[in-house]
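Asks: How does the following fold in three dimensions:
(chains A, B and C)
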Amino acid sequence: MNINDIKETLGTCDFGIDMMQLISKLFPICRSITGRGFRETLNVLKEQVPLLVHEVPTGTRVFDWTVPKEWNINDAYVKNSVGDRVIDFQKSNLHVVSYSLPVQKTVSLNELKAHLFTLPEYPEWIPYRTSYYKEDWGFCLSHNQFLALKDENYEVCIDASLQEGNLSYGEYYLPGEAEEEVLISCHACHPSLCNDNLSGIALSVFLAKCLRSLSLRYSYRFLFIPGTIGSITWLALNENAVSHIQHGLVVACVGDPGKMTYKKSRQGNAEIDRAVMHVLNKSGEPYEAIDFFPYGYDERQYCSPGFNLAVGCLMRTPHGRYPEYHTSADDLNLVREEYLENSLINYLNTLGVLEGNWKYITTNPKCEPQLGKRGLYEAIGGQKERAANQMALLWVLNLSDGQLTLLDIAERSDLPFETIQFAANILERHALIQKC
Amino acid sequence: MNINDIKETLGTCDFGIDMMQLISKLFPICRSITGRGFRETLNVLKEQVPLLVHEVPTGTRVFDWTVPKEWNINDAYVKNSVGDRVIDFQKSNLHVVSYSLPVQKTVSLNELKAHLFTLPEYPEWIPYRTSYYKEDWGFCLSHNQFLALKDENYEVCIDASLQEGNLSYGEYYLPGEAEEEVLISCHACHPSLCNDNLSGIALSVFLAKCLRSLSLRYSYRFLFIPGTIGSITWLALNENAVSHIQHGLVVACVGDPGKMTYKKSRQGNAEIDRAVMHVLNKSGEPYEAIDFFPYGYDERQYCSPGFNLAVGCLMRTPHGRYPEYHTSADDLNLVREEYLENSLINYLNTLGVLEGNWKYITTNPKCEPQLGKRGLYEAIGGQKERAANQMALLWVLNLSDGQLTLLDIAERSDLPFETIQFAANILERHALIQKC
Amino acid sequence: MNINDIKETLGTCDFGIDMMQLISKLFPICRSITGRGFRETLNVLKEQVPLLVHEVPTGTRVFDWTVPKEWNINDAYVKNSVGDRVIDFQKSNLHVVSYSLPVQKTVSLNELKAHLFTLPEYPEWIPYRTSYYKEDWGFCLSHNQFLALKDENYEVCIDASLQEGNLSYGEYYLPGEAEEEVLISCHACHPSLCNDNLSGIALSVFLAKCLRSLSLRYSYRFLFIPGTIGSITWLALNENAVSHIQHGLVVACVGDPGKMTYKKSRQGNAEIDRAVMHVLNKSGEPYEAIDFFPYGYDERQYCSPGFNLAVGCLMRTPHGRYPEYHTSADDLNLVREEYLENSLINYLNTLGVLEGNWKYITTNPKCEPQLGKRGLYEAIGGQKERAANQMALLWVLNLSDGQLTLLDIAERSDLPFETIQFAANILERHALIQKC
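Replies: Numbers count the residues shown, from 1 in each chain, chains lettered A, B, ... in the order given. This next block holds a predicted model:
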């Protein structure tokens, strides 16, 4: 069974519901770029796919960076003078600035305010803040909570630790016929935020589950890593293996209602870029393409000039472009199973193009072969697809010169890749073209 | 006299009327891809240009194809129970499906219907059908005729033969200074259809007549062939000669009222493509350009990947885009002398570009030569064209670096090729540029 | 101090007023392509910059041309029968066709008319005419003056001389670190016409004054030459030095109220073309770009195919596109200090791009360097420019692969060159990139 077969059976599965269930299970966990929450997340994923979990010690040099101390948190709160928890980590792990130093003291309101973060324009939402590389502490809260704070003393407690430990990441390698790899990478370091990036984690997991059952041309490598430091760490520790990566996608923000958005690789016209663009173009749905820029997710590292990998980022609404981004409103209501499933289908279609994008050479380069005597005009399906399929046969014959791939032919003919691939399969069976 | 001179004298000729007369003479003949009708057609053309007629025996292998049996027809009809010819080949040769097997029997209406073809959306028109490569028989008739058929028995007669014989085609080779050739190819296998392709036959004949009287740079090869099997046969039997073909045009559908349409060669930006595009662009008339696709006329074969010749197709309305296409309405009323003549002029202008598209090198590469002291500002005609002609002089001098052709210069300057050519001629006479 | 510093101090100077003063001083002088008026002009310029004045004898062969005789004029008039000067050179030096032969005679009105030139569509304006290479004489006058001429005899006097002498031109060479040069060329041969080209002369002079005080990467060569024959003469006499010219601009028509217009070099996408286009694009003001054509000013010669220098022409309204062009209305009212200053700033910004357009190579090609630990996020200025500056840091790091220049990076990131340059300077100070 190859990737086209899986797509045909997708309709009978409930991957959307399955992905939502996984997201719901992961949602409460307090993740950060290191620590127990990240490990717990990987353990949940292991129930789905046989991940390898790697642990990289604090202090390990990774290119210009150093693996940071491990951060863990047990509890945190701000209590008012009568002992009520006016800010309570138990209610939302967003309340604590990630990587906050442990603290336990009583402070005045004024002193406290220097460590509080709110979103005045969305007074009900809690913002998400981090302080990975600058030792500090802080709380995030809704602006309405903030306004209700009285001028009194507060007991501040962050029961956290920042110590020598490890950076953890998950890796799943799925071997195909070729050593050449497709990299699927998602950041898994955010706490209770759904679209960014539980959606990406869930899609990656179910993509892996789909591919596992298939006969694959490429090998696939799935990375579940903390953002930035995780990809830098992986690249530093696997520098020799990088050359196997032929194509790659960073998976992020794939569950919101927005249209699909593709951020191209730094190369800009790599096969992965053309494959995604073709799939989105033929999807019949609105989409947006944006050129590479050196900001965003881990494509920043994969596309640094010393690697310059063909890695793009296939999202729905990009980071920073939806109001719920990096707030408590990026919750289980923002992400929906139908959007997750639609994103998954676009990923599968893209991988379908990569898997099937072979070069062929016609066995009859001079003039057309006689299709009629081989019954090929009858072989190409019902009345409706007949015209497109017949044109596809003629295009594949005309352009299979040993230089052009099926994607080249799909682009030039403006026919869907699958139609071109279908025609190529028929022609190959009749020995009218040969794989190069 | 070169091709620019012929264009100047064209206004005094009546080529439009002459082409219509030839079309009228050829119209009644029942042509098919083989047989007496095709030979008779070539004999009529021989009265105009000294064609060579080639005969290729049935069964000859031509690449993946085989020259078919020869088909000839004497008469055909369907008679009703009182003996009236309700379908009569004598009235229109479109009534019989081309390559129908001989048949002589009495059938019920129901049995007959399985062999009848009509156009319900154009109830007055007889469709044109063929069955070259599948042995069968059938009749075409107007839908109104069809509706009038009573439920009775019919006598069906097709007095035809399908036997060992020959495939015939006409070839006219007009030698020029160079061995390099321009191919002019038209299909001549359709029965009483005017635009498709008596118009193409007539235009090709009169193009040949124009060129015969000229001093030519290129050699010209005119082919009058049955569609598909004819070009495949010619290419197979002349495989070694193909490399002489530098440029080519397939001539079809050049007499209808539609605007000019150019279907580019598979190469897409060959000199012939650029020449036609320049001519149409400067014609001041609407036109359409379409990219190559592997369907249509004999350009399919010339542009198969093993040949990939620079052959486009210059038409008015393309096949399938006018309602009369492949029906009895493609008759002597659809095609008009003014459209034929306009098409011929566009062909002549295109060949004028090819003939005149030389590279020159300036004898004064460093700074402009002084045109004034040579009287060149006076040499360039009346007030009106003066500005364009002066700019043409400067453009030719500035761009004649031995790399660029006059067509390159016309494209970059956006001046008509003839203006650039006029300037080049003056500059060459004054030894300011030299032909490379 | 480099060119970016000069731009910062420009606001405190009154270069606009200074340029207008120079123009006013030069306006009354009767210049032509040779003669005392041209020399007097160069002497005025010498007060500003240490020009070298070259004298090239009449008869010197310069490529296809010959240095013409020197023309000088003392006085000229047409007197009517009562002795009134109805046309008077003392009132406007445009009244005499430049290079008019000396003449002293009495003629009828009819005879006179053959030597008179007017502009009926602008009846108050005197046209500007020359007859450099055809020996003749003539007067220019307003059409209203012409209509007032009575049918009587006229005394015609042109007290001029056309004799062996010299062609003069001014040259100012400003050495920079490199031998590679930027050429700044302006024609200085027109009599009392302000925009064409006293504006260009004034801009060139003040550009030279600005650059003199700076530490320069490139050497700069300023030419003040008669149009056409001047550039041909310079090129012919300095043929071996031409290879030093890397970039160049012809300066003309830079004082009128029209928007900036850039005529690209013949190469079309040379560094100078891209630098000007970037500056105009980021100026926030309307502008127009036109492709090279072999007409206009001295770029015709610099861009002749044997030289093909990267020389464009940066103007405001191009020659022939404003009604005052080559008439007495191109006077001190048409040109304004604010337009001159705006043009000067666009020139300085362009040279700023050329001077700063280095290639860098990142010292951390694999993954991003950690900017935070170096305090770089704080180093990049106030809140407002912070986002752009941060993106500029990331772009420079991502694209500094040793192949791309800062202008390449500015174009791809769509950030202003100065922002990119600012980021590159910071990164270079922190040893994160190195100049190639």
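
Asks: At the geometric centre of chain A, which residue do we find?
Replies: Of all residues in chain A, the one closest to the mean position by C-alpha atoms, centre = their mean is residue A:251, 1.1 Å from it.

Asks: quick one, phi psi at that one?
Replies: Listed backbone geometry of residue A:251 is phi -100, psi 120, with angles given as degrees, to the nearest 10.

Asks: The lengthiest helix in chain A: what's the following helix or strand?
Replies: Counting residues, the longest helix in chain A under DSSP state H turns out to be helix A:337-356. Downstream of helix A:337-356, the first helix or strand assigned by DSSP states H and E is strand A:359-362.

Asks: helices or strands next to that following strand in the packing?
Replies: Counting by 3 or more C-beta pairs under 8 Å, 6 or more residues apart in numbering or on different chains; DSSP states H and E, the packing neighbours recorded for strand A:359-362 are strand A:401-405, helix A:417-429, strand A:433-435. C-beta here means a position set from N, CA and C on the backbone, and glycine is covered the same way.

Asks: redo that, cut-off 10 Å
Replies: Based on contacts counted as 3 or more C-beta pairs under 10 Å, 6 or more residues apart in numbering or on different chains; DSSP states H and E, the elements that strand A:359-362 packs against are helix A:383-399, strand A:401-405, helix A:406-413, helix A:417-429, strand A:433-435.

Asks: And the closest residue in space to residue A:361 that isn't next to it in sequence, what's its pLDDT?
Replies: Beyond its immediate neighbours in the sequence, the residue positioned closest to residue A:361 (C-beta to C-beta, 6 or more residues apart in numbering or on different chains) is residue A:402, lying 3.9 Å away. Residue-level confidence at residue A:402 comes out at 95, pLDDT.

Asks: cool, and residue A:2?
Replies: Looking at residue A:2, its pLDDT reads 74.

Asks: do the same with residue A:7
Replies: 71.

Asks: Could you name the specific helix or strand carrying residue A:205?
Replies: In the assignment (DSSP H and E), residue A:205 maps to helix A:199-212.

Asks: pLDDT averaged over that helix - what is it?
Replies: 97.

Asks: Could you pull out the buried residues of it?
Replies: Of the residues in helix A:199-212, those buried under the neighbour-count criterion (16 or more other C-beta atoms under 10 Å in any protein chain shown) are A:199-208, A:210-211.

Asks: To which secondary structure element type does whichever residue of chain A sits closest to chain C belong?
Replies: When you check chain A against chain C by C-beta to the nearest C-beta, the closest residue turns out to be residue A:306, at 2.9 Å. Applying DSSP: H, G, I helix; E, B strand; the rest coil to residue A:306 yields a three-state assignment of coil.

Asks: Name the SS class of the residue lying closest to it once chain neighbours are set aside, please.
Replies: Spatial nearest neighbour of residue A:306, excluding adjacent residues (C-beta to C-beta, 6+ apart): residue C:365 at 2.9 Å. At residue C:365 the chain is in coil, as set by three-state DSSP.

Asks: Tell me which residues touch the residue in the stretch 251-400 of chain A that chain B sits nearest to, please.
Replies: Closest approach between the stretch 251-400 of chain A and chain B, counting by C-beta to the nearest C-beta: residue A:365, at 2.9 Å. Remark: with contacts taken as C-beta atoms under 10 Å, 6 or more residues apart in numbering or on different chains, residue A:365 is in contact with A:397-398, A:400-402, B:63, B:304-308.

Asks: before we move on, the earlier item: help me confirm that the residue of chain A closest to chain C comes into contact with residue C:362.
Replies: Yes: Residue A:306 sits in contact with residue C:362 when judged by C-beta atoms under 10 Å, with a separation of 7.9 Å.

Asks: Now the common contact residues for those two.
Replies: Shared contacts of residue A:306 and residue C:362, defined by C-beta under 10 Å, 6+ apart, comprise residue C:401.

Asks: Looking at those two, which has the bigger crowd around it?
Replies: residue C:362 (22 against 14; other C-beta atoms under 10 Å in any protein chain shown).

Asks: Which helix or strand lies directly C-terminal to the helix or strand where residue A:159 lies?
Replies: Counting by DSSP H and E, the secondary-structure element that holds residue A:159 is strand A:153-163. From strand A:153-163 onward toward the C-terminus, using DSSP H and E, the following helix or strand is strand A:166-174.

Asks: Partner strands of that next one and their direction?
Replies: For strand A:166-174, sheet partners with direction are given as strand A:52-57 (antiparallel), strand A:219-225 (antiparallel), following DSSP bridges.

Asks: So which of these has the densest surroundings on average?
Replies: Across the strands paired with strand A:166-174, the average number of neighbours (mean count of other C-beta atoms under 10 Å in any protein chain shown) peaks for strand A:219-225, which reaches a mean of 23.

Asks: With just CA atoms, put it into PDB.
Replies: Output for strand A:219-225, consisting of C-alpha atoms alone and laid out as PDB, is shown next (Å, rounded to 0.1, in the frame of the first residue of the first chain):
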ATOM      1  CA  SER A 219      12.800   7.600   5.000                       C
ATOM      2  CA  TYR A 220      11.000   9.900   7.400                       C
ATOM      3  CA  ARG A 221      12.300  11.600  10.500                       C
ATOM      4  CA  PHE A 222       9.900  13.100  13.000                       C
ATOM      5  CA  LEU A 223      11.200  15.500  15.700                       C
ATOM      6  CA  PHE A 224       9.300  16.600  18.700                       C
ATOM      7  CA  ILE A 225      11.600  19.300  20.100                       C
END
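
Asks: Which positions in the next helix-or-strand element following that strand come out as buried?
Replies: Taking DSSP H and E as the definition, the helix or strand that follows strand A:219-225 towards the C-terminus is helix A:229-237. Of the residues in helix A:229-237, those scored as buried under the neighbour-count criterion (16+ other C-beta under 10 Å) are A:229-236.

Asks: nearest to residue B:369, of those?
Replies: Out of the buried residues of helix A:229-237, the one with the shortest distance to residue B:369 is residue A:235. That distance is 61.7 Å, counting by C-beta to C-beta.

Asks: residues touching that closest one, list them.
Replies: For residue A:235, the set of contacting residues under the criterion of C-beta under 10 Å, 6+ apart consists of A:62-63, A:241-242, A:245, A:298, A:301-302, A:304, A:306-307, A:309, C:366-367.

Asks: before we move on, what about residue A:248?
Replies: When contacts are counted by C-beta under 10 Å, 6+ apart, residue A:248 is found next to A:181-185, A:221, A:223, A:265, A:270, A:272, A:298-299, A:302-303, A:309-313.

Asks: Just say helix, strand or coil for it.
Replies: Here residue A:248 takes the strand state, with states given by three-state DSSP.

Asks: Against residue A:182, how distant is it?
Replies: When C-beta to C-beta, to the nearest Å is applied, the distance between residue A:248 and residue A:182 equals 6 Å.

Asks: and for those two, which residues touch both?
Replies: Between them, residue A:248 and residue A:182 share the contacting residues A:221, A:272, A:310-311, judged by C-beta under 10 Å, 6+ apart.

Asks: Can you say which of those residues are buried?
Replies: Neighbour counting by 16+ other C-beta under 10 Å classes A:221, A:272, A:310-311 among the shared contacts of residue A:248 and residue A:182 as buried.

Asks: which one of these sits closest to residue B:27?
Replies: residue A:272 (57.7 Å).

Asks: now the stretch 201-350 of chain A, which segments are flagged as low pLDDT?
Replies: Filtered on pLDDT under 70, the stretch 201-350 of chain A yields no residues whatsoever.

Asks: Chain C contacts on that one?
Replies: By C-beta under 10 Å from any C-beta of the partner chain, the part of the stretch 201-350 of chain A that sits against chain C consists of A:228-229, A:231-233, A:235-236, A:239, A:242, A:266, A:268, A:291-295, A:298, A:300-308.

Asks: same thing but at 8 Å, please
Replies: On the criterion C-beta under 8 Å from any C-beta of the partner chain, chain C has as its neighbours in the stretch 201-350 of chain A the residues A:228, A:231-232, A:235-236, A:239, A:266, A:293-295, A:300-301, A:303-307.

Asks: Please pick the buried ones from those.
Replies: Buried subset of those (neighbour count, 16+ other C-beta under 10 Å): A:228, A:231-232, A:235-236, A:266, A:293-295, A:300-301, A:303-305, A:307.
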